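> Generate a structure from the sequence data that follows.
(one chain, ligands or ions: 1)
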Amino acid sequence: MIRVAAIVAAGGRGTRLGAGVPKQVLDLCGISVLQRSIDALLAAGLVETVVVALPADLAADPDRYVRPIPGRVRVVTGGERRQDSVARALKAVPAEAEVVLVHDAARPFVSRAVIARVAETAAAHGAAVAAVRARDTVKRATAGEGAVVVGGTLPREEIYLAQTPQGFSREVLAAAVRLGERLEATDEAMLAEAAGYRVHLVEGDERNMKITTAADLELARALTTGPVRTGIGYDLHRFVEGRPLVLGGVRIPHERGLHGHSDADAIAHAVTDAVLGAAALGDVGTLFPDTDPRWKDADSMRMLAAAVDRLRDAGGRVVNVDVVVVAERPKIGPHREAIRAALAGVLGVAPMAVSVKGKTNEGVDATGRGEALAVHAVATVAGIGLEPAGATRA
Ligand code: MG
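Model (predicted):
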């Protein structure tokens with residue numbers, strides 16, 4: 001069994017994502033991108049120790065950014081350039097490690113198979129890099145007259161896109177690091193090549209993406225299976241004369257409507273509470289108080305839309321909703337499909353993800369006597385961690 005350690009180069013201050021925090025500590029369903037990358041390395045069962053190079057300000061309080069695991073995770077202060085961070089981290093790699101992997105902090109989806117291929121090839125040949133074949137035709141750009149034009153087409157079969165991990169025997173990485181003192185490089189393999197070593201290409205993985213842009217982060221969040229969270233909502237309104245009956249945004253012909261400050265859409269209210277509840281983002285009463293004139297006679301589907309916006313701002317999305325309407329009359333069945341479609345549109349899901357059922361109360365209580373209509377709703381959401389957004393630690 002080869003002894004493997006890994007270096008995670010997280011020294012950069014890349015703030016291209018505009019979130020005001022380094023991209024490696026951005027949240028992916030309650031766990032930072034950096035921590036997910038570290039976890040992926042440790043979970044492979046091959047890597048014994050991970051040395052993380054953090055920017056100086058983050059390294060001053062490492063436990064805030066990296067979950068401390070004594071003996072397995074070490075934090076060092078990174079350097080000016082990526083290669084300087086790797087050089088500093090290499091000094092903290094345990095002496096018994098035969099192979100050292102260098103991994104980007106922003107590649108949280110690396111698989112065990114890729115880690116194993118890189119480690120085994122590095123052990124056998126000294127240097128290995130995970131890479132994927134170019135699938136698109138590759139053009140070399142050249143400056144034209146005020147434009148960028150094609151200067152040539154590269155033979156695609158020769159083009160590989162380097163990922164991480166990149167793996168090296170200790171001696172090869174030490175030589176690469178020494179060369180890096182006087183040479184600029186974008187990855188460690190480049191330094192190993194320049195130092196005269198043969199670097200083997202091993203099969204990477206398209207899913208082993210590097211999160212660099214806002215679009216990458218969106219994609220990464222969609223790929224991340226966080227916990228699925230459940231919320232419950234309930235609402236009841238009295239029937240009164242002289243108001244229209246609106247349920248789930250659909251106007252339903254009936255001799256009476258529901259009493260309320262807004263349009264009294266009890267389905268919209270219950271579903272809004274279920275969605276907000278699933279993400280612990282508050283409730284209808286506090287977000288849309290009935291003392292606020294803006295919501296007088298308002299279309300309550302707008303409240304639901306505002307709740308869905310809040311959910312999205314927190315990184316979440318609705319998975320499905322189930323609704324029970326309790327009323328003696330009118331019958332819900334004839335309006336079910338219209339209500340499902342209206343809710344699905346606002347929730348941003350397919351109608352398949354929305355269920356609406358009608359029940360009577362068998363003549364019992366106020367709903368049974370036809371004095372009121374009640375709604376129960378359950379919503380599940382994904383993409384929300386178990387810590388509030390922004391408060392994410394490691
Ligand atoms: Mg209500």
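> His269 is in contact with Leu287, isn't it?
No. Checked against CB atoms under 8 Å, the pair His269 and Leu287 is beyond contact range at 11.2 Å. Placement of C-beta: from N, CA and C, glycine included.
> Nearest residue to the residue in the chain that the ion sits nearest to in space, please, no chain neighbours.
Closest residue of the chain to the ion, CB to the ion: His269 (3.5 Å). Counting by CB to CB, 6 or more residues apart in numbering, His269 lies nearest to Asp235, which is 4.2 Å off, once chain neighbours are set aside.
> isn't that neighbour right up against Ala264?
No. Contact criterion CB under 8 Å: Asp235 and Ala264 do not qualify, at 9.1 Å.
> hang on, the earlier thing: and the residue nearest to His269, how far is that from Trp295?
As judged by CB to CB, to the nearest Å, Asp235 and Trp295 stand 14 Å apart.
> Neighbour count: these two, which is higher?
Between Asp235 and Trp295, Asp235 has the larger neighbour count (other CB atoms under 10 Å), namely 23 against 20.
> Wait, a helix at that one?
No. Under DSSP: H, G, I helix; E, B strand; the rest coil, Asp235 sits outside any helix and is assigned strand.
> Who is it paired with across the strands?
Counting by DSSP bridges, Asp235 is bridged to Val375.
> how deep is Asp263 tucked in, by neighbour count?
Asp263, neighbours per other CB under 10 Å, totals 26.
> So what are the sheet partners of the helix or strand of the chain with the lowest mean pLDDT and their directions?
Among the helices and strands of the chain, strand 27-28 carries the lowest confidence by mean pLDDT, DSSP states H and E, at a mean of 82. Strands that pair with strand 27-28, judged by DSSP bridges, come out as strand 31-32 (antiparallel).
> which element follows the strand it pairs with toward the C-terminus?
Heading C-terminal from strand 31-32, the first helix or strand you meet, by DSSP states H and E, is helix 33-43.
> And that following helix, what does it pack against?
strand 4-9, strand 47-54, strand 99-104, helix 112-125 (3 or more CB pairs under 8 Å, 6 or more residues apart in numbering; DSSP states H and E).
> for the stretch 201-350 of the chain, what spans make up the strands?
229-240, 245-247, 250-252, 257-258, 317-326 (DSSP state E, counting those that start in this stretch).
> and the ones you listed, which is most packed in?
Ranked by mean neighbour count, the strands of the stretch 201-350 of the chain are led by strand 245-247 with a mean of 25 (mean count of other CB atoms under 10 Å).
> can you tell me if it touches the ion.
No. Figure legend: strand 245-247 not in contact with the ion (CB under 5 Å from the ion); closest approach 11.4 Å.
> wait, Arg156 sits on Lys139?
No. The criterion here is CB under 8 Å, and Arg156 misses it with Lys139 at 10.3 Å.
> got the contact list for Ile159?
By CB atoms under 8 Å, 6 or more residues apart in numbering, the contact list for Ile159 reads Arg133, Ala134, Val138.
> Around Ala56, how many other residues sit close by?
10.
> just Gly277 next, same as before
22.
> where does the closest residue to it other than its chain neighbours land on pLDDT?
Leaving aside its sequence neighbours, Gly277 sits nearest to Gly231 (CB to CB, 6+ apart; 3.1 Å). Here the pLDDT value assigned to Gly231 is 97.
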